[in-house]
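[1] Sequence isn't available, so here's the structure alone:
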């Protein structure tokens, strides 16, 4: 058995996963670099290990930039489009001055795009949105989604090679780097 995009707590099984903490840091650093200071975060479900890692990365970026973490509004989503839409509505209700959202994954971000528009706001004019995963749909939504890309093909090949015995991975996790893909859903804040 091998694990893909997760790891067992004891580290006994071979696993390959993305560096979610670095991805959260890259997403927030991108928004901060554009000038956003009123960030919101739609977090993934608590049981998902990647949710905590991505959230920690966002906090790292805020600390790196010397930005106070207290105003960061965090709302938990479910990792799906409808849950992302509900969470974005809740986030904007709690913090109407939010100018940027870092989302747990691309499905959540697509839901956030829908919520922002439904509230009469524009992406990225009023609210910038960043996802995570770089799913195919991310480049086709309007506007195309800025996101953190994972090396999913590499993960899949690694898993197959390990399972058929072509490679013998050692127990423990291999952490793959991620990278930011900038598209049309992010821009500097107005004013």
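    Noted; the coordinates are in hand. Because the structure is a prediction, the values reported are computed rather than measured.
[2] ok, now which ones touch the spatially most central residue of the chain?
    Residue closest to the average C-alpha location in the chain (CA atoms, centre = their mean): residue 132, at 3.4 Å. The neighbours of residue 132, taking CB atoms under 8 Å, 6 or more residues apart in numbering as the test, are 20, 23-24, 27, 54, 103-106, 109, 147-148, 150. Just so you know, the C-beta spots here come from the backbone N, C-alpha and C atoms, and that holds for glycine as well.
[3] Just put those in TSV and tack on distance to residue 60.
    Formatted as TSV, those follow (distance: CB to CB, whole Å):
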residue	distance to residue 60
20	12
23	11
24	7
27	11
54	11
103	17
104	16
105	19
106	21
109	20
147	19
148	14
150	19
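[4] Please indicate which of those residues are buried?
    20, 23-24, 27, 54, 103-106, 109, 147-148, 150 (16 or more other CB atoms under 10 Å).
[5] about what we covered before: give me the phi and psi angles of the residue nearest to the centre of the chain.
    Backbone geometry at residue 132, expressed as degrees, to the nearest 10, gives phi -150, psi 130.
[6] That one and residue 153: what is the separation?
    17 Å (CB to CB, to the nearest Å).
[7] Tell me, please, the helix or strand in the protein that averages the lowest pLDDT.
    strand 172-176 (a mean of 86; mean pLDDT, DSSP states H and E).
[8] which residues of the protein fall in helices?
    Using DSSP state H, the helices of the chain run over residues 20-33, 49-64, 81-94, 106-118, 152-164.
[9] Relative to residue 4, which of those helices is closest?
    Nearest to residue 4, of all the helices of the chain, is helix 152-164, at 5.0 Å by CB to CB.
[10] Tell me the helices and strands packed up against that closest one.
    The contact analysis (3 or more CB pairs under 8 Å, 6 or more residues apart in numbering; DSSP states H and E) places helix 152-164 against strand 3-4, strand 14-18, strand 172-176.
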